[in-house]
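Colleague: Okay, here's the prediction I keep looking at, along with the sequence it came from:
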Amino acid sequence: MCMEQTISLAPRWSHGSMIAFRFVFAYFILYIFPFPLNILTELSTVFQPLAELSNKMYEPVARYIMGADYELPAPNGSGDTVLNYIRFFVFLSFSVVVTIIWSVVERKRDNYDKLLQVLFIILRYYLAFWMIGYGFAKVFRMQFPSLTTDRLFQTYGESSPMGLLWTFMGYSTVYNIFTGLGEVIGGAFLLFKRTRLIGALIVIAIMSNVVMLNLSYDVPVKLFSTHLLFMAIFLTVPDITRLSNLFFFNRAVAAETNVPLPFYSIKTKRYYYIMKGSAIALIFAANALFFYIGSQHRKEFDENQKRHGLMTGEFEVETFILNGQVMPPGQLDTRRWKKILLKERTIDIQYMDGGSGPWHCNRAGSKMILHSLDLWSTGIFSIDANGEFLTLEGNLNQDSLKINFRKVGENPFLLVNRGFHWINDYPYNR
């Protein structure tokens with residue numbers, strides 16, 4: 001079996017290339033540490049104390065920048081926190097120092113051909129891990145779930161830029177699968193040196209769009225997505241001349257030539273392929289584990305949505321009983337409810353005189369607790385849902401209420417009812 005092709009490089013690098021490589025090597029290794037050890041649940045816990053120590057070290061810097069009262073937020077999914085930016089500048093500074101020392105110690109070195117191969121292997125597998133993971137998260141609708149009633153009742157003006165993007169992505173299952181498969185294919189190609197270049201080009205195309213979406217819609221993964229894009233670009237740097245000849249100059253493109261890895265030889269070939277196969281298996285196994293965990297959370301979410309399906313939406317008041325007395329509809333009656341818009345955590349109450357207002361809503365089982373936005377008014381109700389009918393019974397401040405509702409339509413939204421049409425005689429832009 002012949003060895004896979006690797007990158008063709010000049011025997012002697014330029015002085016600038018040597019310095020640039022030292023900096024890039026130091027920064028990327030520092031940035032992705034402790035990958036791949038941290039993708040194993042058992043081993044990732046070993047590095048947790050190190051991460052906590054790192055946060056403690058950066059906390060004084062964060063308070064110096066943000067103010068004495070600043071507290072580092074708990075992990076919440078954001079990758080653009082003050083801590084992330086501090087770590088970014090620390091890594092940059094440390095890499096500069098490493099580059100200077102390294103350049104002095106090895107100033108007579110001709111090239112880093114073999115070390116470049118090692119860095120490429122690490123970056124390829126790191127990129128593949130994240131691209132395959134994010135890709136499957138889209139394919140199986142875990143990153144952008146389908147639209148909920150709560151989201152559908154929210155207006156465009158009330159949504160955040162990130163929320164608007166999540167709504168756009170959550171609408172279409174087909175587009176989620178399309179974008180997810182692109183990420184999976186790009187990541188899978190990165191796992192093999194022979195397809196490294198096409199994989200890197202696919203990832204560049206995908207991540208360029210992702211980075212622009214994150215920047216344009218204020219998604220707090222800007223730093224991380226930009227790093228993934230730069231890693232993919234770096235993987236193509238040795239092929240810039242070959243790509244230019246192919247796409248711009250219509251010249252013949254030379255094939256890649258072999259540069260042996262420092263740990264590769266005829267004697268170690270078997271162990272090399274065993275290690276490579278193990279690494280690929282580890283990446284897919286880790287993603288399979290994350291997918292299983294994510295699918296379980298998704299299943300719980302779907303069951304919760306199904307369980308509370310009748311508990312969200314628009315409901316009209318049929319009977320309104322205040323302190324034991326039935327109150328018929330009245331144009332000027334400010335105490336009688338006309339309808340409610342029940343969401344996941346809020347309830348909008350519309351009164352007979354046209355006034356309306358949102359309330360905080362906490363639900364647990366058959367109980368519902370309401371709080372006005374100023375927290376001056378509180379209501380505690382029992383819930384009885386039966387088909388399209390809903391009954392709330394309890395107390396609002398000092399008043400007892402019993403209200404019977406009927407749900408207004410199951411899904412009145414054009415966004416989910418319009419569907420797909422091959423033929424459109426006129427643009428249906430609403």
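Modeller: Okay, I see it.

Colleague: mind checking which helix or strand T391 is in?
Modeller: strand 389-396 (DSSP states H and E).

Colleague: Quick one: list the elements packing against that strand.
Modeller: strand 367-372, strand 378-386, strand 399-407 (3 or more CB pairs under 8 Å, 6 or more residues apart in numbering; DSSP states H and E). Quick note: C-beta positions are derived from backbone N, CA and C, even for glycine.

Colleague: Can you tell me what sits against stretch 150-168?
Modeller: 144, 147, 170, 213, 216-220, 312-314, 341, 343-345, 411, 413, 415-416 (CB atoms under 8 Å, 6 or more residues apart in numbering).

Colleague: end-to-end on it?
Modeller: Terminal residues of stretch 150-168 lie 15 Å apart, using CA to CA, to the nearest Å.

Colleague: got the buried residues for that stretch?
Modeller: Across stretch 150-168, burial judged by 16 or more other CB atoms under 10 Å covers D150, R151, L152, F153, Q154, L165, W166, T167.

Colleague: same check, this time on stretch 196-211
Modeller: So stretch 196-211, judged by 16+ other CB under 10 Å, has buried residues R196, L197, G199, A200, L201, I202, V203, I204, I206, M207, V210, V211.

Colleague: Reformat those as CSV; add secondary structure, distance to F247 and pLDDT.
Modeller: Compiled in CSV, these are given as follows (DSSP: H, G, I helix; E, B strand; the rest coil; distance: CB to CB, whole Å; pLDDT from 0 to 100):
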residue, secondary structure, distance to F247, pLDDT
R196, helix, 18, 89
L197, helix, 13, 92
G199, helix, 17, 94
A200, helix, 15, 95
L201, helix, 11, 96
I202, helix, 15, 96
V203, helix, 18, 96
I204, helix, 13, 97
I206, helix, 19, 96
M207, helix, 19, 96
V210, helix, 23, 96
V211, helix, 22, 97
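
Colleague: which one of these sits closest to A385?
Modeller: In terms of CB to CB, no member of those lies closer to A385 than V210, at 40.9 Å.

Colleague: hmm, back to that, rebuild the buried residues of stretch 150-168 as a markdown table, extending it with pLDDT, secondary structure and distance to Q398.
Modeller: Below are the buried residues of stretch 150-168 laid out as a markdown table (pLDDT from 0 to 100; DSSP: H, G, I helix; E, B strand; the rest coil; distance: CB to CB, whole Å):
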| residue | pLDDT | secondary structure | distance to Q398 |
| --- | --- | --- | --- |
| D150 | 70 | helix | 31 |
| R151 | 79 | helix | 35 |
| L152 | 80 | helix | 35 |
| F153 | 75 | helix | 31 |
| Q154 | 77 | coil | 33 |
| L165 | 94 | helix | 45 |
| W166 | 93 | helix | 41 |
| T167 | 92 | helix | 41 |
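
Colleague: which pair in these spans the largest distance?
Modeller: F153 and L165, at 18.4 Å, using CB to CB across the buried residues of stretch 150-168.

Colleague: At the geometric centre of the protein, which residue sits there?
Modeller: Residue closest to the average C-alpha location in the chain (CA atoms, centre = their mean): Q143, at 6.2 Å.

Colleague: Touching, it and A137? I think so.
Modeller: Yes: counting by CB atoms under 8 Å, Q143 does reach A137; the two are 4.1 Å apart.

Colleague: do you know how far P238 is from E318?
Modeller: The spacing between P238 and E318, counted by CB to CB, to the nearest Å, is 73 Å.
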